[in-house]
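In: sequence? don't have it. structure:
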């Protein structure tokens, strides 16, 4: 059996339907899901949900975060403003694998208007099953961490 994780999920109104379907599939697969909203298609501000998910990851209440909005772009930008968060926007298996292997991403952003449910589930599976490669990538992560530590 594959390892199970504690996953913090969040979405704005553009990603709420996909987030709900993903949450159900992830629970069925044996993961613990913490849902940080939204629960409605009514217009909301995506940074609120990105920050809630990132806080759970930063505080180690969740192993990984998954953010869903219309394109994934807004959520990834909001998440990457947080110290200690490395959010990768993935649209396919390759970007999912590389964001973990090369960037040690701890948050995944998905675009509900860009990909469908099956592709999203494949991306999440690959993201969760890929290990960070380390090596030459560690030097680059150290530089990213140094940049966020000096940013006001």
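Out: Yep, it's here. These numbers were taken from a predicted model, which means no experiment stands behind them.
In: what stretches of this protein score poorly on pLDDT?
Out: Across the chain, residues meeting the criterion (pLDDT under 70) sit at 1-2, 147-152.
In: show me where it has strands.
Out: 6-11, 32-35, 64-69, 87-89, 107-111 (DSSP state E).
In: In contact with the closest residue to residue 68 other than its chain neighbours: list those residues for me.
Out: Excluding the flanking residues, the one nearest residue 68 by Cβ to Cβ, 6 or more residues apart in numbering is residue 15, at 3.1 Å. Just so you know, the C-beta spots here come from the backbone N, C-alpha and C atoms, and that holds for glycine as well. Contact partners of residue 15, counting by Cβ atoms under 8 Å, 6 or more residues apart in numbering, are 67-70, 75, 110-112.
In: what two of those residues have the greatest distance between them?
Out: The span of the contacts of residue 15, defined through Cβ to Cβ, is set by 67 and 70 at 11.5 Å.
In: So for the two, which residue has more residues nearby?
Out: residue 67 (30 against 18; other Cβ atoms under 10 Å).
In: For this structure, just list every one of the helices.
Out: 16-28, 46-58, 73-80, 93-101, 117-129, 136-150 (DSSP state H).
In: For residue 7, grab the count of nearby residues.
Out: So residue 7, with other Cβ under 10 Å, has 25 neighbours.
In: what separates it from residue 145, distance-wise?
Out: 23 Å (Cβ to Cβ, to the nearest Å).
In: cool, residue 110 as well?
Out: 25 Å.
In: And those two? Which one has more around it.
Out: A side-by-side neighbour count of residue 110 and residue 145, using other Cβ under 10 Å, places residue 110 first with 28 against 13.
In: my guess is that one contacts residue 120, does it?
Out: Yes - between residue 110 and residue 120 there is a contact at 5.4 Å, judged by Cβ atoms under 8 Å.
In: between those two, what contacts are shared?
Out: In contact with both residue 110 and residue 120: 18, 68, using Cβ under 8 Å, 6+ apart.
In: Please name the bridge partners of the residue most central in space within the chain.
Out: Nearest to the geometric centre of the chain sits residue 108, at 2.2 Å (Cα atoms, centre = their mean). Taking DSSP bridges as the rule, residue 108 bridges to residue 66, residue 88.
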